[in-house]
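S.K.: Test case, fold it:
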Amino acid sequence: MRVPALVACVKQGEKYGPEYVTRLRDGVARHMTVPHRFVCFTDTPFDGVECHPLPADLPGWWAKLGLFKLGRRLIYFDLDVVVSGNLTALAGLNRFSIIKDWWLPGFNSSVMVLTGNERSVWSKFRPEFIPDYPQGDQQWITAQLPDAFTFPPEWFPSFKADKCFESAPEHSKAVIFHGNPKPHELGGWVADEWRQLPNP
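M.R.: Numbering: from 1, shown residues only. Model (predicted):
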């Protein structure tokens, strides 16, 4: 029996409400054609989504580094992404995969595929390193895995850098809303895709 793909997000603090989790979950459900299990690692569990404690007690975006501690295969999404296309190919990737940043050298960690073999990203990290990495967790990941495989650029465009204002690009799997604006502030195609499934 095939093990369902594990799809994970991290909600730390109050920057994003539960609706960001449920709408991401529903976007994944609409666009992933293989069996999967969606979980949220959070310090504020809520009903309606499978929630687990944060693997690491770290502030803000740094909290996602705890995923590397787990030593298991998973597909990770930041909360401020809008799923826009078929995600099934992610379930078939067998190497650590991440987005190449649009403006800066290195990676953007809004979407990642972990194989479980990247525990050194966690084991080498110490909280006192945080001030030395002003670009956050993704700067640390870049330093630890500089030769990582990066997704095809058309899979995960940036709303701002790729000017996805009128529509999601044809071959995109999700559009990344790093910085501002955020999905809840927008209408048009963003509102159409960033929606919850109807109640059964």
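
S.K.: which residues of this structure fall in strands?
M.R.: 5-11, 36-42, 50-53, 74-77, 81-83, 97-100, 107-114, 149-150, 174-176 (DSSP state E).

S.K.: mind listing what the residue nearest to the spatial centre of the chain touches?
M.R.: Nearest residue to the geometric centre of the chain (Cα atoms, centre = their mean): residue 77, 1.6 Å. Counting by Cβ atoms under 8 Å, 6 or more residues apart in numbering, residue 77 touches 7, 8, 9, 24, 28, 83, 110, 111, 174. Every C-beta, even on glycine, is put in place using the N, C-alpha and C of the backbone.

S.K.: on that earlier part again, turn the strands of the chain into CSV, columns for distance to residue 166.
M.R.: What follows is these, written out as CSV (distance: least, Cβ to Cβ, whole Å):
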stretch, distance to residue 166
strand 5-11, 27
strand 36-42, 29
strand 50-53, 35
strand 74-77, 23
strand 81-83, 14
strand 97-100, 22
strand 107-114, 21
strand 149-150, 26
strand 174-176, 12
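
S.K.: what's the closest of those strands to residue 191?
M.R.: strand 81-83 (9.5 Å; Cβ to Cβ).

S.K.: Centre of the chain to the closest one, how far?
M.R.: The chain centroid and the centroid of strand 81-83 are separated by 9 Å, computed with Cα atoms, centre = their mean, to the nearest Å.

S.K.: ditto for stretch 109-124
M.R.: The chain centre lies 12 Å from the centre of stretch 109-124; the measure is Cα atoms, centre = their mean.
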